[in-house]
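A.B. asks: What would the 3D arrangement of this be:
(chains A and B)
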Number of protein chains: 2
Amino acid sequence: VSLAQVTIVGTGLIGASVGLAAAAKGRSVNGWDPDPEALALAERRGAVTPAGSLESALAEAELVVVAAPVSALPSQVASVLARTGERATVTDVGSTKAGVVAAAAGVGRFVGGHPMAGSEARGAENASAGLFEGATWFLTPTADTDAARHRQVHGFVAELGAFPVAIDPAAHDRLVALISHLPHVLANLIVNRAGAGRIAGHDPLASAGGSLRDMTRIAGANPRMWTDLLLDNAEAVAMELADLRGRIAEVESALGRRDHEFLAGFIAEAARNRRRMLEQSFTDAGALHRVSVHVPDRPGVFAEITRALGAERINIEDFGLEHISPERGGTVTLLVAGSDQARRAAELLTGQGYRVVAAAVLDED
Amino acid sequence: VSLAQVTIVGTGLIGASVGLAAAAKGRSVNGWDPDPEALALAERRGAVTPAGSLESALAEAELVVVAAPVSALPSQVASVLARTGERATVTDVGSTKAGVVAAAAGVGRFVGGHPMAGSEARGAENASAGLFEGATWFLTPTADTDAARHRQVHGFVAELGAFPVAIDPAAHDRLVALISHLPHVLANLIVNRAGAGRIAGHDPLASAGGSLRDMTRIAGANPRMWTDLLLDNAEAVAMELADLRGRIAEVESALGRRDHEFLAGFIAEAARNRRRMLEQSFTDAGALHRVSVHVPDRPGVFAEITRALGAERINIEDFGLEHISPERGGTVTLLVAGSDQARRAAELLTGQGYRVVAAAVLDED
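C.D. replies: Coordinates of the predicted model:
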């Protein structure tokens, strides 16, 4: 990809991370931000060479990455396209795409983009050249987009370590409504339900077990950013919510008529879908075993467990801790491949005095 | 607690684990199961001394723990109460309580119980003396329950490592409908929605990011057991589902009228509730920082990270891996206390060639 001169417009977390990653690949990176402090911070991080104005930032640009907040993105992209000529390919990093693609109004040198990374932190101070490694980076070329520009941006984001995936802009917004915005709305709703009041004196939040915790991990994140994201994709999100309401009503009816067959079928379908999802991540999802280890709340306990398993050449596919409380300790969950490794891990850790429970992950009976 | 002779009726995962834990405390443990294989397995695990019949199992019992499947529990408890006299205190481990308490029909020596542990595995082969360590164990004494029997069972489950919590049976069922059954239903619904079809050729399951994965971790588990659990608590679960439908409809309306204030308020409320939930587990939740590390898919990488942090005396409060795929690697997430430890962890791991992003967990702006 012959993009020697990259310009970042908007040097927050994502913009500055693109700058760091592009600079690490030897590109010359200019940056501009309407907020002088944000720009100075990105400069101090080595993410961009700051420009005195948007115009001067764009003067030599071959690739412009617009990384403004979602609500400012359509006007910012239109403005950048108006101030640049054929020399510059323009892309963005917004998490919804219909609005910004419409704002580009069919200009062939615009390619919409959306890296699936980084929503949990903010600002150039948290920027990282590695933010996009392994992440999906959606690109939304349309019939108007120059194929060569699409290839350029594809190559650029692949170079940053991301996996580019081309998708229609409206389909992109429906897809993220389902895989990202719906889970966020639900996490917020459930934690608010659990926090709404006591049940016979018991605080549901204090009684929360692993399932409620898993489900609400993303609740309450970045209220300002998420409000804008949801509003920006309001129609697609509302459609997903309406669809879910319909599905919930079906389960309610099934419970009302004590419909064993419906419920069993619905959970079995979920088991098949979860298997399909795990198969994206693991070569042999069916062989996965979960080994749960109760651990005290003390330093070094993870290192001890991972070292013991490593010494026995037991490969940990996945690893998690549910911290219950300082008094109660927590549960470390390991995924390993195959019942043999699970048995060896359980024996090893039991021998070291830990309390261990092991079972197949995909137990679909 | 003077309960020398314990009898386990139903020697599956929970029953056999109670047996192992009680035996470890020096108690004599008899067991009986209608399935001779299940009983033989529990004997081989050293969980129980098998009895030839339910009658002989109960003959000397001072404490009977009924650990039958949820659907068989009320009749099994009634049967045990009918076959025992004043000598025997009777408890159970069912995950709903109204039905079984009703079946005990006001007998003062029955104390309903529900350990919040172990739903992911089955059978005595997965039993563990440590299954209940750190877990909440609900007890549901009523006005009819002998206070001394309640104290006995309280002491017994505390001895197994659990934290006994007394609650009214109906309130218990409403509470678990919210904190356990609702999350399960939703996890199943969402994974089924994501698995229902492609969006413009893209499989939502294959595009799933961390939020969808977090939310569906418990989907598809034990279809047979979960069908019974949901049916057994059908009314309370249906009420929670109806409540959630109402909350979803409110968000839909807010999206429809582009109500920025409603959405911002709703997410900010979730942030406060999530903080309250984290405060149950961590002494200073506000100081928690998340350090995310991109890691390749290779053996030993966890041991490397935990060892490096341990050597620098950085205490890991929580630890998780999101395994993306063999090609893309994954993301290790560490929680540490305080921005100083977060910065040191990030510097240390960056110095070892890892790509790191750090940020406060509770970022409520």
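A.B. asks: Going along the chain, name the helices of the stretch 51-200 of chain A.
C.D. replies: A:54-58, A:73-83, A:98-103, A:147-159, A:169-176, A:182-194 (DSSP state H, counting those that start in this stretch).
A.B. asks: The third one vs chain B: in contact?
C.D. replies: I take that to be helix A:98-103. No: if you take Cβ under 8 Å from any Cβ of the partner chain as the test, helix A:98-103 misses chain B, and the best it gets is 12.9 Å. Glycine gets a C-beta too; all of them are placed from N, C-alpha and C.
A.B. asks: any idea of the mean pLDDT in that helix?
C.D. replies: Averaged across helix A:98-103, pLDDT comes to 96.
A.B. asks: again with stretch A:326-334
C.D. replies: 80.
A.B. asks: Restrict that stretch to CA atoms and write it as CSV.
C.D. replies: What follows is stretch A:326-334, C-alpha atoms only, in CSV (Å, rounded to 0.1, in the frame of the first residue of the first chain):
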residue,chain,number,x,y,z
PRO,A,326,-12.1,-10.9,49.9
GLU,A,327,-13.6,-13.2,52.5
ARG,A,328,-14.9,-15.9,50.2
GLY,A,329,-12.1,-15.9,47.6
GLY,A,330,-13.1,-16.7,44.0
THR,A,331,-13.3,-19.3,41.3
VAL,A,332,-10.7,-19.7,38.6
THR,A,333,-12.1,-21.3,35.4
LEU,A,334,-9.8,-22.9,33.0
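A.B. asks: Give me the distance between the spatially closest residue to A:Glu60 that is not a sequence neighbour and chain B.
C.D. replies: Leaving aside its sequence neighbours, A:Glu60 sits nearest to A:Gln5 (Cβ to Cβ, 6 or more residues apart in numbering or on different chains; 5.0 Å). Relative to chain B, A:Gln5 is positioned 25 Å away (Cβ to the nearest Cβ, to the nearest Å).
A.B. asks: just A:Asp340 next, same as before
C.D. replies: 14 Å.
A.B. asks: What about A:His294? Give its phi and psi, please.
C.D. replies: Per-residue torsions, A:His294: phi -80, psi 130 (degrees, to the nearest 10).
A.B. asks: Measure how buried the residue nearest to A:Arg149 when sequence neighbours are not counted is and give me the count.
C.D. replies: Closest residue to A:Arg149 apart from its sequence neighbours, by Cβ to Cβ, 6+ apart: A:Thr89 at 4.7 Å. Number of residues near A:Thr89 (other Cβ atoms under 10 Å in any protein chain shown) recorded here: 25.
A.B. asks: Quick one: the helices of the stretch 51-200 of chain A as JSON lines, columns for distance to B:Gly310 too.
C.D. replies: Formatted as JSON lines, the helices of the stretch 51-200 of chain A follow (distance: least, Cβ to Cβ, whole Å):
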{"stretch": "helix A:54-58", "distance to B:Gly310": "45"}
{"stretch": "helix A:73-83", "distance to B:Gly310": "43"}
{"stretch": "helix A:98-103", "distance to B:Gly310": "46"}
{"stretch": "helix A:147-159", "distance to B:Gly310": "35"}
{"stretch": "helix A:169-176", "distance to B:Gly310": "38"}
{"stretch": "helix A:182-194", "distance to B:Gly310": "32"}
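A.B. asks: Please identify the deepest-packed of those helices.
C.D. replies: Most buried of the helices of the stretch 51-200 of chain A by mean neighbour count (mean count of other Cβ atoms under 10 Å in any protein chain shown) is helix A:182-194; its value is a mean of 25.
A.B. asks: Quickly check: that helix near chain B or not.
C.D. replies: Yes: using Cβ under 8 Å from any Cβ, helix A:182-194 reaches chain B at A:182-194.
A.B. asks: Mind picking the two most distant members of these?
C.D. replies: The distance between the two most remote of the residues of helix A:182-194 next to chain B (Cβ to Cβ) is 18.5 Å, for A:Leu182 and A:Ala194.
A.B. asks: doesn't A:Glu62 make contact with the residue nearest to A:Glu60?
C.D. replies: Yes: with contact defined as Cβ atoms under 8 Å, A:Gln5 and A:Glu62 form a contacting pair (4.8 Å).
A.B. asks: quick one: contacts of the lowest-mean-pLDDT helix or strand in chain A?
C.D. replies: Least confident helix or strand of chain A, by mean pLDDT, DSSP states H and E, is strand A:316-325 with a mean of 75. If you take Cβ atoms under 8 Å, 6 or more residues apart in numbering or on different chains as the criterion, strand A:316-325 is touched by A:210, A:213, A:282, A:288, A:295, A:297, A:302, A:306, A:309, A:330-337, B:134, B:280-282, B:299, B:302, B:316-321, B:323, B:330, B:332, B:335.
A.B. asks: Please indicate which of those residues are buried?
C.D. replies: A:210, A:213, A:282, A:288, A:295, A:297, A:302, A:306, A:309, A:330-337, B:134, B:280-282, B:302, B:316-321, B:323, B:330, B:332, B:335 (16 or more other Cβ atoms under 10 Å in any protein chain shown).
A.B. asks: Helices - which of those residues land there?
C.D. replies: Residues of these located in helices (DSSP state H): A:210, A:213, A:302, A:306, A:309, B:280-281, B:302.
A.B. asks: follow-up on the earlier one: residues touching the residue nearest to A:Arg149, list them.
C.D. replies: Residues near A:Thr89 by Cβ under 8 Å, 6+ apart: A:3, A:62-64, A:109-111, A:149, A:152-153.
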